Each structure stands twice: as structure tokens, then as C-alpha cells.
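A.B. asks: Can you look at this prediction? I've put the sequence above it.
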Amino acid sequence: MSDKKPESNDTNGRKPTLPPGMVAKPGPTLPPGAKSTSSGPKLPPKSSKFPPGMKPAAPSTEELVGGDGSSAATRADFTSDQDVRWCPGCGDYAILATIQRLMPELGVPRENVVFISGIGCSSRFPYYMNTYGMHSIHGRAPTIVTGLKSARPDLDVWMITGDGDSLSIGGNHIIHIMRRNVNVQIIMFNNQIYGLTKGQYSPTSEVGKVTKSSPFGSLDHPFNPIALVLGAEASFAARTMDRDPKHMKDMFTRAHDYRGTGFVEVYQNCNIFNDGAFFQFTEKETKTDRTIYFEHDKPLVYAGGTKGLRLDGFNLESIDLENGNLGINDCLVYDETSRELAGIMARVYWKPELPQPFGVFYREDRPSYDDLLHDQIHAVVDRLGKGSLKKLLEEGETWEIA
Amino acid sequence: MALKSVETLSEATVLFAGDSGDGMQLTGTQFTLATAYAMNDLATLPDFPAEIRAPVGTTYGVSGFQLHFGSIEIRTPGDEVDLLIAMNPAALKVNLDRVRMGGTILVNSNTFEPKNFKLANIKSNPLEDGSLDKYRVIQVELTRLTRETLKDFDLNQKEVDRSKNMFALGLSLWLYSRPVEPAKKWITAKFGKNPVIRDANLELLKKGYHFGETTEQFVTRYEVAPAKQKPGRYRAIMGVQALAMGIVAAASKSGIQILYGSYPITPASDILHTLSRYKNHGIVTIQAEDEIAAIGTAIGASFGGSLGITGTSGPGIALKGEAMGLAHMIELPLVIVNVQRGGPSTGLPTKTEQSDLLQALYGRNGDAPIPVIAASTPGDCFIVAYEACRIAVKYMTPVILLSDGYLANGSEPWLIPNPDELTPFNVSYAQKTNKELDGEQVFWPYLRDQTTLARPWAKPGTPGLEHRVGGLEKQEGSGNVNYEADNHELMIKIRAEKIQRIQADIPPIQVYGDPDADLLIVGWGSTRGAIEAAVSRSNKSGKKVAAIHLRFLNPLPSDLGEVLSKFSQHLVPELNNGQLVKVLRDQFLLPMVAMNKIQGRPFGPSEIAEKIAEMVG
Ligand code: SF4
């Protein structure tokens, strides 16, 4: 046993480079290389099988009062009448605003949208959306989402979770929803801390983290969420940050367009218990050097085009694009359909010498669970015909008593 | 050929016992089918080890199948065994205490050799040491006869030896004058693709049957006349099949889609196996990653407007507790099936027990009453499953359905129900806003039906009814998150009152036996057959005793207090350490007598009859 004291919060290059409590600029800083407004390669529209509004549960919308899921919807239509109760300054506000703004653009009728969450600060989210929603129990949102989509594949379902909710108490469910590839969007707010229980270390907190429950520093090696879900056979995995609404919107749109589990990790600042955890990536002063916004089919460049990444064996290395020796053609061109590259990119994680990647790490065209489930049911019905209760009851050996 | 005398019996109990690999469950099932064809009433009790293939020849690897049949009404798998068919010394050792004095024991004498005595931990050969003197022992060289019969078949030794149960089946069918055709039909269908195995089994079945006729060892053959049963079309049914079909009936009658989410666990897995074949009946099944996920998927489905059902056994229920609380709080319909087994912890996975009643009634955080409904016979599982679904939807509540290992695997002849005669089951979803607020039409998800107190069920996809539910306390009416003191107390009371109002759906209590009795037996669940058989036996011998059987454990029937007050003594037999008795004492302040059996086996009528005699003299 080592008698070395656990180090404080500076291992692995994860020490916040900006002082906690630093005032953040409200407006998004457009990161270098993030010019593209497209949401990535063209994919089949998510709801091709059940187009929004095609299968309303209600017999006729005319009879109904209050329905306004028309195409002219606005952010206000998706805002519920409940007071938002997050701490002032919490990163959650930006995520909520981004999703509320995105909703009308996606064009899914409000009544077909469902938000399901677990427990934690982030999981209060459904209460603030004027859609159908459920604030369920700790860690179990993936199970509820799986059941809901299995029963109702026509719905557009978003799952909201946090690092504690999905990676700790709900760890077993997050991996299984990934491998099943249920057709939903999962937005994981990663603040690397337990907020609602008032500041214990989370499964993504760095080793050595001093919190109420780890006064001498946490001993737990953290999860790398993107690597974790890739290991769980995720078919779509992306990362974004609360301080970049535009990129967030892009990533959420990409996840929504993807027909399968669209997993998006969002770096979210908890200004009460873990302020500045991601400042080196989110704040203007350091962001350019410390992040890379990468896209499919584009070379890996960052720092305003002055640096790039290339492969050195199985590892990425940073190269200087300004000293004349190396150019953009030396940079690796990213392919989001490559599981191998996704694995390498996911491992670029809190490395002091490399920028933290933001973008779509991986996308695989794989049928979603709910599609497969209902295809199978249809196939069985085609083969056996619609079941008759009477016939079923009389199945097998029977005899008559007079 | 010796001339056999024929003796007519009113009832008989046969127990097939052997190694897990000896095919005793199959033999028992085929004997049951033949008995059903002979139109006897019957009840069965399969009894198998928890290990899949326990070491051959050991006592813990013994698998048994007990069958009680008769021309009279049969309510239990039998108190005492009339014929034990023991395929090896271990099977004899394990089951000897179940055989009545003077009963018959048929052994495969080829297995009675030192090696097997050692495996079964038997000191001396029971066939020689006089320990079986009180029984009639028939030694049959099953292994040798089987090998002899199949010597010209292209089968290896292992395949040959594995088939000896068919010889035993043929012999026992002959002994009780059962028809051979059902077994023949089954073999032909089952091994259609493998003619050698098929013909070998058919040959053994025939040889076994003929052996009975020719051997000098049997001087008597038995007959059991058809039982007087209600006219109609019958089939043999196991509880697990009945339960699955009750769920299908609920889907079919109401038109609702049902999603069954489950994680494999003994003895509940068979529900998942059965329902997963019924995809064309409006049933979606999910094999979830764990017990919590299983109930989560069911809750998700119910939120979507389907009916979510999850099934498990005791340990799984413990894991589902929090999610049940959520379902209670968000007031969505849900059915939670518990096929109880011996507990606590992993306990006795393959044995029966009624020890999860208190867990069902109280096993959640907070005041979270959930209706609890229990099946009493294998066939009753059908109606109880249907009722559980109906109540869940009508009252917008999770419902716990209690079955047990004995009901799940036990079978009985079942008068096939007419779907048209089931209680109507209608599902209605909210379609409109239900409240005017500041001149605006809004939807309040907790604005209740004044009779049932059920909240409206608005499924996603319905425009204008968008709403949020969750585990945080709700404001009555609006359903908004609310932490106010008075509201919380009100909500706890309202949710409890809603469950209490299910009493309106409980029919009046039927008293079985002597209505002027002093002693009333109060039972629930799978003990019904044993209790009522004991009561009718005791009534015949002049004892003043009656019984009631509770299907609803929560809420209790509204007339229960009145019925209890008509009797001066009360006996509560249960397969646990005293659970219903606690609940009844608590509610009615009566000095009830507990009768408990915690051996992983059902009650026999005589145990209860003895207790009756002790109490009423
Ligand atoms: S505790 Fe942290 S994460 Fe939670 S609401 Fe407050 S700032 Fe946000």
C-alpha cells in the first residue's frame, strides 16, 4: 500500500485552468473549424416509418381543445408553465433553452414528443417542457424509455440524464439501451459531480477530487462516457458543451436525425458544486487550444487552423501547421463511421498535450430495437394470422364432458 | 398369461421419481394427459431440484412428479402416495415418507447396486434389509428390459437407457387402465423428424404396457371411473399457462396492447416463455437486463397507453420495490406478477411458499398501498390475471398478482372458459381538456373520477393533453409538483382511498362448508384445495367447520368483518411463518389461530383435517 497522499484536483490535466466562479460570457464563441452549419452526412429521416402526426392516438384532432402542435410552433409552445428551479447560473439553463428553441425546428408535433428523465438536477428537465414527460426514478430512465418506445415506436422520445444517474446508479441500463439501439435521443448532462445530493464525487469526477464524501480525495478512477458507451455497442455517440448553444443544437439535431440511440454527452457547468470543471474547454481564453471541433470527412484541425492532429501508430498527436513542415494534408481526416477511429478519438480524454474532442465520434447504421421488435411482430402476424383468444384457449388436447 | 383381477378405485395418487435426467416430468405429464382422457378429476405437483443436472444418483438430483386423480372431486395432489415409481435408490430414499403404509413401490431393480447406494448415502440394500416390509414392493428390471427391447435399434447405450421412462409409463398406464393413445400421439408428433427415436419410444411404451399384462408380479389392475364434472370442453392446464392466457384475454377483450417485461427467474420464467410466443395476440415481450429494467419497461409502456406487466418471483419483487412506488405515485396501470417461491433470499427456488404476502402488501417506501390479488388453483390463474389487468386499468393503479410455484407448475382439468362470458373490460383514454383555468382550457392529469378516484389516462400523441408525471409529490388536481404539508397528507389519503374503493369490484364472500359452524378457516392462494378438501372431509364426519378463501388481500372484501364475526374460532393456514394472520388480527382484533407449514410443499388435506379435529373436538 502506498503512503502517497492522493493528489488534489490536478491529475490528468483536469485542473480547471480558470478560477472557479469566473464570470462567463453569455454569447457563444464560435470555435475554430466549427463553421459548418450542416448537421453532418445525410441520413434517412428518423421518422420515416412513423412520420410525425401520421398516427395520432386521438381519433380526430378537430374535436380536441388546446392542441397546437402545428408547424407554426415556437419556443414558447414548448415551454411549460412551471418555474425553472435550477440554481441561477447553472449550465442546465442553456441546454433547456437550446432544446426549447430546437423543438419547433424539428417539426415534430408537440403531442408526439416525450421527455423522460431519471433523478438528479438535470432530470427535472421534463417538468419544464410543455410536452409529454416523466420524471422517473434514479437511473432507470433507459428502462422506461425502452418500454415506451417498444409500445409506441411512433413517439419522438428524448431521455435526459446526468453522469450520476446514467453512469452510476443506472449503469446497467445505459449499456443495455446502447446495445439494443432503441430509437431515442439521450442527452447526458455531465457535470462531474452530484448536484442534487449536494456535492459528492460522481463516476466522472477525477481521481483526487475533494468533496464532502471524499475529504481526502476520491480514489475512484473516472468513467470516460464516450468510451463507455462505445464499449457498450453504441451506434451514435457525440459530445458537446453547455457554453456552445450552436454546437449543442447541431449535435442534438444529429442525434434526433439518427434512427437509433443518439447519445450526446454535454459538458455542463455546475456552478455551485463543481464550478469551472470544464472552463479550459469552454472559456474563450483557453478554448481554442484545448478543444477540437471535429467533423465527418474533414481534417482534424484546431487552434484557429494553426494545429492539427495526425495518427502516430494507434495514437493521435498534435502537429504544428504553421512551421511550414506540415500542412493540412498531414492531418487525419475523420471518419465517424469508423469504430476504430472512434475508439482512438474517445481516448483523447483530459490529455494535457491534446485538445478535448467535440463532435460526433461514431455513427453506425444499425436497425433500431423498436423497428426490429415491430418488424418481428408483423412477421409473426403475417405468418400466423391475428391471434384468436378462443382458438388459443382450445389449443392442444381437449375433451368433452357431457 | 395370468388372469388379472380388476379393482375399482375412487382415487389414487401416483408419484414418479428419478434422476433429473430420467424424464420424470415428461412421464408425469403424459400420465396426466391419459388421466384427463379417462375423464378423471386430477391435480398434479411437479417437484424438481434447483440444479439443472445435479450429479446422477444423488438425493439432491431427484426429480418427482406427483399426480392425484379420481372419480370424485380432486382438490390437491394427494396426501399420501399409493404408488411410487422409483427409478433409483436415491428417488426411493427421498420419497419413501410420502408413501402410505401398505402402498406400492415399483423400483428399477437394476439400479439397486452398491455404487448407487453410495451415491445416495444408503447403508444397505433397502430391497433386502427389511426396511420396505410395510409396503408392497415390485421389482422390475427396467434397464435390462429396455435394453432388451431396443437391442435391434440403431441407438447407442446412452440413448437406450434414457428411454426407460417410456417403459415405466407404459407399465403404469396399464396398471391404472389408462388409454395409451395420447402418449402415442405425443411421441409421434415429438419425434417425427427422428424415426428411430420415435419407433424406439413407441416400442417401449407398448412393451411396458404388455409387461403389465404378462408379468406375474401384478395380480390386480385398477380402474378409476370418470369423475362427475360440469359438462363442457376441458383441457389440462398448468397455472403458468392459465396466467399467460388470462393476460391474452385481457388484451383481446379490451383491445389494449400489452407489454410484458421480465427477467428470467425460477419459477416465473415460463410466463415469459409462453407470452413471447403470443406476439400475434397483441402482446409485446421484452427480456430485460434485470428486474428493475423489467418493471421499468412495463411502466414506460403504460405511460404510452399500453398495459405494462412484469413478472418475477420473490427476490425480483424486492428489486422492483422502488419502481412500484413510482407506478403508485404516477397512478398508471401496471400488473406485477409474483410467482412465489421459498425464501428469504435465494431460498428454495423450485419449491412453493406463500411468504411474500407482507412484502406485497407493505414492501415499498412511504405509504404506498397496492391492490393484491391471489390465485387459488392453476385454472384460477386465468381469471385472476384477467381481473388484475382489469382492476389496474379501471383504477389506474399497479396491481400485484400472487401465484406460487405449486400453482405455476401444478395442473388440473380446466373447463375452457367462454371469452364472451368474461367481465367486460373497457379502456378509455382522455381525449379532451378537463378544466378551465383563467379562461383557458387545460388538462389536469390528477382530476379524478368521482366514483373510482382514478385519474384520467392521457396517452402521448393526444394533442392538447401534454402533461408531466413523476415521483415527486403531486398537487391534487393539477398534478404539478407540490411540497405543501396539507396537500401531501391529502394525497396519501386519496391514493389509499382509491385502493380501498376497489372493494366495489369484489363479490360477496362465499362460505364453504357448514354455515352454522363454530370454526372458520380463512385461506388465501394455493391452499384452497387442501382447505376445502379438509373441510368437506370434516363435515362428513360431523365436525362443524367452514372456510372462506380470499382472492383480494388488499383491499380486503367489505363483508369480511361481518363474516368473521359469525364464527367463534378462526384458523388461518398458510405456507409461511404467519402473514395473513397478522394482517387479520391487526384489522379485526380477533384472536386468530395460525397454522403454518414452511417446507416448500403444499398442505395436504389431512394435516388441516387433523388441526380441525383438534380445534372442534
Ligand atoms: S446544483 Fe449544480 S447542477 Fe444542480 S442546479 Fe445547481 S448548479 Fe445546476
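C.D. replies: Cool, the structure landed. Residues are numbered from 1 along each chain as shown, chains lettered A, B, ... in the order given.
A.B. asks: middle-most residue in chain A, spatially?
C.D. replies: Most central in chain A under CA atoms, centre = their mean is residue A:264, positioned 1.9 Å from the mean C-alpha point.
A.B. asks: can I assume that one sits in a strand?
C.D. replies: Yes. Under DSSP: H, G, I helix; E, B strand; the rest coil, residue A:264 falls within a strand.
A.B. asks: quick check, distance from the helix or strand hosting residue A:249 to the centre of its chain.
C.D. replies: Per DSSP states H and E, residue A:249 falls inside helix A:245-257. Centre-to-centre, helix A:245-257 and its host chain are 10 Å apart (CA atoms, centre = their mean, to the nearest Å).
A.B. asks: residues of it that come out buried?
C.D. replies: A:245, A:247, A:248, A:249, A:250, A:251, A:252, A:253, A:254, A:255, A:256, A:257 (16 or more other CB atoms under 10 Å in any protein chain shown). (C-beta placed from N, C-alpha, C; glycine too.)
A.B. asks: Show the model's pLDDT score for the nearest residue to residue B:355 once chain neighbours are set aside.
C.D. replies: Of all residues not flanking residue B:355 in the chain, residue B:576 sits nearest, at 3.9 Å (CB to CB, 6 or more residues apart in numbering or on different chains). Note on residue B:576: pLDDT of 98.
A.B. asks: Could you measure from residue B:576 over to residue B:373?
C.D. replies: 18 Å (CB to CB, to the nearest Å).
A.B. asks: If you count surrounding residues, which of the two has more?
C.D. replies: residue B:373 (25 against 21; other CB atoms under 10 Å in any protein chain shown).
A.B. asks: check contacts around the more buried one.
C.D. replies: Residue B:373 makes contacts with B:384, B:387, B:388, B:391, B:399, B:400, B:401, B:402, B:551, B:552, B:553, as judged by CB atoms under 8 Å, 6 or more residues apart in numbering or on different chains.
A.B. asks: Could you do residue B:311 as well?
C.D. replies: Neighbours of residue B:311 in contact, by CB under 8 Å, 6+ apart: B:260, B:262, B:268, B:271, B:272, B:336, B:337, B:338, B:339.
A.B. asks: Which residue, other than its chain neighbours, is closest to the last one?
C.D. replies: Of all residues beyond its chain neighbours, the one nearest residue B:339 is residue B:268 (4.1 Å), with distances taken as CB to CB, 6+ apart.
A.B. asks: give the contact list for that neighbour.
C.D. replies: Taking CB under 8 Å, 6+ apart, one finds B:262, B:311, B:312, B:313, B:316, B:337, B:338, B:339, B:408 in contact with residue B:268.
A.B. asks: Among those, which one has the most neighbours?
C.D. replies: residue B:339 (33 neighbours).
A.B. asks: and the gap between that one and residue B:289?
C.D. replies: For residue B:339 relative to residue B:289 (CB to CB), the value is 20 Å.
A.B. asks: Out of the contacts of residue B:373, give me the two with the largest separation.
C.D. replies: Greatest spacing in these, by CB to CB: B:391 and B:402 (13.8 Å).
A.B. asks: partner residues bridging the residue nearest to the centre of chain A?
C.D. replies: residue A:187, residue A:238 (DSSP bridges).
A.B. asks: Please apply the same query to residue B:106.
C.D. replies: residue B:85, residue B:138.
A.B. asks: quick one: it and residue B:136 touch, right?
C.D. replies: No. Taking contacts as CB atoms under 8 Å, residue B:106 lies outside contact range of residue B:136: 9.3 Å.
A.B. asks: Quick check: closest non-adjacent residue to residue A:239.
C.D. replies: residue A:265 (4.6 Å).
A.B. asks: tell me the contacts of the one you found?
C.D. replies: A:188, A:190, A:225, A:226, A:237, A:238, A:239, A:240.
A.B. asks: before we move on, the earlier item: of the contacts of residue B:373, which belong to strands?
C.D. replies: Among the contacts of residue B:373, the members falling in strands (DSSP state E) are B:399, B:400, B:401, B:402, B:552, B:553.
A.B. asks: Who are the contact partners of the last one?
C.D. replies: Residue B:553 is in contact with B:357, B:360, B:361, B:372, B:373, B:374, B:402, B:524, B:580, B:583, counting by CB under 8 Å, 6+ apart.
A.B. asks: okay if I get those residues as CSV plus secondary structure and pLDDT?
C.D. replies: Output for these, formatted as CSV (DSSP: H, G, I helix; E, B strand; the rest coil; pLDDT from 0 to 100):
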residue, secondary structure, pLDDT
B:357, helix, 98
B:360, helix, 98
B:361, helix, 98
B:372, strand, 98
B:373, strand, 98
B:374, strand, 98
B:402, strand, 98
B:524, strand, 98
B:580, helix, 98
B:583, helix, 98
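A.B. asks: Which one (most neighbours) among the residues you listed?
C.D. replies: residue B:374 (30 neighbours).
A.B. asks: Touching, it and residue B:524? I think so.
C.D. replies: Yes. Contact criterion CB under 8 Å: residue B:374 and residue B:524 qualify, at 5.2 Å.
A.B. asks: Give the residues shared as contacts by those two.
C.D. replies: In contact with both residue B:374 and residue B:524: B:550, B:551, B:553, using CB under 8 Å, 6+ apart.
A.B. asks: which one of those residues sits closest to residue B:443?
C.D. replies: Ranked by distance to residue B:443 (CB to CB), the shared contacts of residue B:374 and residue B:524 are led by residue B:553 at 34.7 Å.
A.B. asks: where's that closest one relative to residue B:525, distance?
C.D. replies: Distance from residue B:553 to residue B:525, by CB to CB: 9 Å.
A.B. asks: okay, and the common contacts of these two?
C.D. replies: B:374, B:402.
A.B. asks: at contact distance from chain B, anything in the host helix or strand of residue A:174?
C.D. replies: Per DSSP H and E, residue A:174 falls inside helix A:171-180. Yes. Applying CB under 8 Å from any CB of the partner chain, one finds helix A:171-180 touching chain B at A:172, A:173, A:176.
A.B. asks: wait, which of those is closest to the ligand?
C.D. replies: Nearest to the ligand among these: residue A:173, at 21.5 Å, using CB to the nearest ligand atom.
A.B. asks: Low-confidence stretches in the stretch 51-200 of chain A?
C.D. replies: A:51-71 (pLDDT under 70).
A.B. asks: Could you pull out the helices in it for me?
C.D. replies: A:92-106, A:141-151, A:163-164, A:171-180 (DSSP state H, counting those that start in this stretch).
A.B. asks: quick one: the last one to helix A:141-151, angle?
C.D. replies: If I follow you right, that is helix A:171-180. Interaxial angle, helix A:171-180 versus helix A:141-151 (axes from the mean of the first three to the mean of the last three CA atoms, to 10 degrees): 40 degrees.
A.B. asks: Sounds good, over and out.
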